[in-house]
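In: need a 3D model of the sequence below.
(one chain, ligands or ions: 2)
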Amino acid sequence: MSVESGRANRIAVVGGGSWGTALANAAACAGREVTLWLRDPVGAIHIQKTRDNTRYLPGIPLHDQVQVTSDEGRVSEAGTILLVTPAQTVREVLGQLSPHLRDTALVLCAKGIERGTDSFMSDVAAEAMPSSTVAVLSGPSFATDVARGLPTAVTLACANGAEAARLAGLISGPAFRLYHTDDVRGVEIGGAGKNVLAIASGIVAGRGLGESARAALIARAFAELMRFSKAYGGRAETLMGLSGLGDLVLTASSTQSRNFAFGDRLGRGATPEKAAGGKLAEGAFTAAALIDLARARDVEMPIAEAVADVVSGVSDVDGVVARLLARPLKAERD
Ligand SMILES: NC(=O)C1=CN([C@@H]2O[C@H](COP(=O)(O)OP(=O)(O)OC[C@H]3O[C@@H](n4cnc5c(N)ncnc54)[C@H](OP(=O)(O)O)[C@@H]3O)[C@@H](O)[C@H]2O)C=CC1
Ligand SMILES: O=C(CO)COP(=O)(O)O
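Out: Ligands and ions are numbered 1, 2, ... in the order given. The predicted structure is shown next:
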C-alpha cells in the first residue's frame with residue numbers, strides 16, 4: 001500500500017474522552033485504521049495496553065484496529081482527523097496540532113459555540129486551519145451506544161457536497177449511518193443549540209413540573225432552534241433532521257444526557273457548580289454565546305435565555321419558570 005493510500009484509509013481521532021473513544025471504535029468498525037490521540041501519555045499507554053478507556057468508557061473494549069498514542073506527530077499519518085475535544089478547547093487544540101497537519105480533512109465533532117468570540121466551531125477551524133477541508137459531524141449519538149456498536153444515524157456536513165458524501169462514506173459502518181449535507185451552519189447550530197435546550201428540559205424534570213410541561217417545552221425549544229437557525233443561514237430541513245430534532249429529542253428526554261442530567265440537578269436545587277458533577281455539560285458553556293448571537297439578530301429565545309440566566313446565577317429556577325409562564329400569549333407560528 002502506498003503512503004498516500006495508507007493516509008486515505010487512516011483516521012486520527014483527537015481527544016480520548018467518551019465520544020472520541022466511541023468514534024474511534026465506530027471508524028474501526030467501518031474498516032479504517034485508527035489512531036486515537038490523547039494529551040495524557042500515561043492514559044494513552046494504559047488504554048493501548050488494556051484496550052479499555054477506564055476513565056471515560058469503562059468496560060467497553062477498544063477495537064483491535066485502534067492504536068492509542070500521545071505523540072502529536074502520529075496525527076499527520078491520517079488523511080482525516082476527527083476533532084473530539086470540548087468546544088471551548090477547539091481553538092487551542094488546533095493551534096497545537098496545525099504544525100503537524102497537511103492536506104487534512106478536519107471533521108469537527110464538538111457541539112458548542114466558543115465563548116468570548118461567539119464563534120461557531122466551523123469558523124474557529126477555518127481561522128486556525130485556513131487550508132483544510134472543514135466538516136461537522138452531529139446527530140443523536142450517545143457515546144456508550146455508539147462504542148457498543150448499537151445503531152444510530154447522524155449527519156456529516158461540509159460546504160463541498162461531494163466531500164461531505166466522501167467523508168460520510170469513509171466513517172459510516174454497519175451500525176453507524178452518516179447522512180450528508182452541505183449545510184454546515186444548520187448542522188452545527190442543531191448540535192450546539194440542543195445542548196442548551198436540553199438543560200431546560202432537565203430543569204423541568206428535576207423541578208417536578210410533569211411530563212406534559214416537558215413535551216411542551218421541547219416543542220417550544222425546537223421553535224427557538226428553528227428561528228435561530230433561519231437567522232444564521234441554516235436550512236429548516238436540516239434542523240428538522242438528525243442534527244436538530246433528532247438530537248434534541250434524544251438529549252432532552254434522557255437521563256443518559258449530561259446536559260439533561262445537569263438541568264435535572266439544577267431543578268432539584270443544586271447550584272450550577274455542584275450540578276455539573278465533574279462531567280462535561282456543553283450547554284452550560286454555550287448558553288451565553290447562543291444568547292449573544294440571538295440578540296445580535298433579534299431572535300427571541302426565552303427558553304435559552306432562562307437557561308443562561310440560571311447557569312450564570314442571574315435568576316433561580318422558580319424565577320425563570322414564572323417568567324416563562326407569564327409570557328404573553330401569541331400565535332403558534334411566531
Ligand atoms: N459523549 C457523547 O455522547 C457525545 C459527545 N459529543 C461532543 O463531543 C465533545 C467531547 O465530548 P466528550 O468526549 O463526551 O467529553 P469527555 O469529557 O468525555 O472527554 C473530553 C476529552 O477531551 C480531552 N481534552 C479536554 N481539553 C483538552 C485539551 N485542551 N487538549 C486536548 N484534549 C483535551 C480530555 O482529556 P483529559 O482527560 O486529559 O482532560 C478528554 O479526553 C463535546 O463537544 C460533546 O458535546 C457529541 C456527541 C456525543
Ligand atoms: O450529544 C450527545 C448525544 O447526541 C450527548 O449529549 P450529552 O453531552 O448531553 O451527554
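In: residue 323: neighbour count?
Out: For residue 323, the count of nearby residues is 14 (other Cβ atoms under 10 Å). C-beta: built from backbone N, CA, C; applies to glycine.
In: relative to residue 56, how far out is it?
Out: Distance of residue 323 to residue 56, given as Cβ to Cβ, to the nearest Å: 37 Å.
In: swap in residue 180?
Out: Distance from residue 180 to residue 56, by Cβ to Cβ: 28 Å.
In: check residue 174 too.
Out: 24 Å.
In: the more surrounded of the two?
Out: A count of neighbours by other Cβ under 10 Å puts residue 56 above the other of residue 174 and residue 56, at 20 against 11.
In: is stretch 273-288 in proximity to ligand 1?
Out: Yes. Using Cβ under 6 Å from any ligand atom, we find that stretch 273-288 touches ligand 1 at 280, 282.
In: who's in contact with that stretch?
Out: 17, 86-88, 110-113, 115, 192-193, 195-199, 258-259, 261-263, 265-266, 272, 304, 307-308, 311-312 (Cβ atoms under 8 Å, 6 or more residues apart in numbering).
In: centre of the chain to it, how far?
Out: 13 Å (Cα atoms, centre = their mean, to the nearest Å).
In: cool, stretch 135-148 as well?
Out: That offset, for stretch 135-148, works out to 9 Å (Cα atoms, centre = their mean).
In: next one: that stretch, is it in contact with ligand 1?
Out: Yes. Counting by Cβ under 6 Å from any ligand atom, ligand 1 is contacted by stretch 135-148 at 141, 142, 143.
In: could you list the low-pLDDT ranges of this protein?
Out: Within the chain, the segments meeting pLDDT under 70 span 1, 3.
In: flag every residue of the stretch 1-150 of the chain that's near ligand 2.
Out: So far as Cβ under 6 Å from any ligand atom goes, the stretch 1-150 of the chain lies against ligand 2 at 111, 140, 141, 142.
In: using PDB, list the CA coordinates for the longest helix along the chain.
Out: Scanning the chain for the helix with the most residues, using DSSP state H, yields helix 184-206. What follows is helix 184-206 as a C-alpha-only set of coordinates in PDB (Å, rounded to 0.1, in the frame of the first residue of the first chain):
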ATOM      1  CA  VAL A 184     -22.600  23.200   7.700                       C
ATOM      2  CA  ARG A 185     -24.300  26.100   9.600                       C
ATOM      3  CA  GLY A 186     -27.600  24.200  10.100                       C
ATOM      4  CA  VAL A 187     -25.800  21.100  11.400                       C
ATOM      5  CA  GLU A 188     -23.600  22.900  13.900                       C
ATOM      6  CA  ILE A 189     -26.500  25.100  15.200                       C
ATOM      7  CA  GLY A 190     -28.500  21.900  15.800                       C
ATOM      8  CA  GLY A 191     -25.700  20.300  17.900                       C
ATOM      9  CA  ALA A 192     -24.800  23.400  19.900                       C
ATOM     10  CA  GLY A 193     -28.300  24.700  20.500                       C
ATOM     11  CA  LYS A 194     -29.900  21.400  21.600                       C
ATOM     12  CA  ASN A 195     -27.400  21.100  24.500                       C
ATOM     13  CA  VAL A 196     -28.600  24.400  25.900                       C
ATOM     14  CA  LEU A 197     -32.300  23.500  25.400                       C
ATOM     15  CA  ALA A 198     -31.800  20.000  26.900                       C
ATOM     16  CA  ILE A 199     -30.700  21.700  30.100                       C
ATOM     17  CA  ALA A 200     -34.100  23.400  30.200                       C
ATOM     18  CA  SER A 201     -35.800  20.100  29.800                       C
ATOM     19  CA  GLY A 202     -33.800  18.700  32.600                       C
ATOM     20  CA  ILE A 203     -34.800  21.600  34.800                       C
ATOM     21  CA  VAL A 204     -38.500  20.900  34.100                       C
ATOM     22  CA  ALA A 205     -38.000  17.200  35.100                       C
ATOM     23  CA  GLY A 206     -35.900  18.000  38.200                       C
END
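In: buried ones in that helix?
Out: Residues 184-206 are the ones in helix 184-206 that count as buried (16 or more other Cβ atoms under 10 Å).
In: what helix or strand is residue 308 on?
Out: helix 302-312 (DSSP states H and E).
In: run the chain-centre distance for that helix.
Out: 19 Å.
In: counting contacts, what elements does it pack onto?
Out: Here helix 302-312 touches helix 184-206, helix 211-231, helix 258-267, helix 272-276, helix 282-296, helix 317-325, going by 3 or more Cβ pairs under 8 Å, 6 or more residues apart in numbering; DSSP states H and E.
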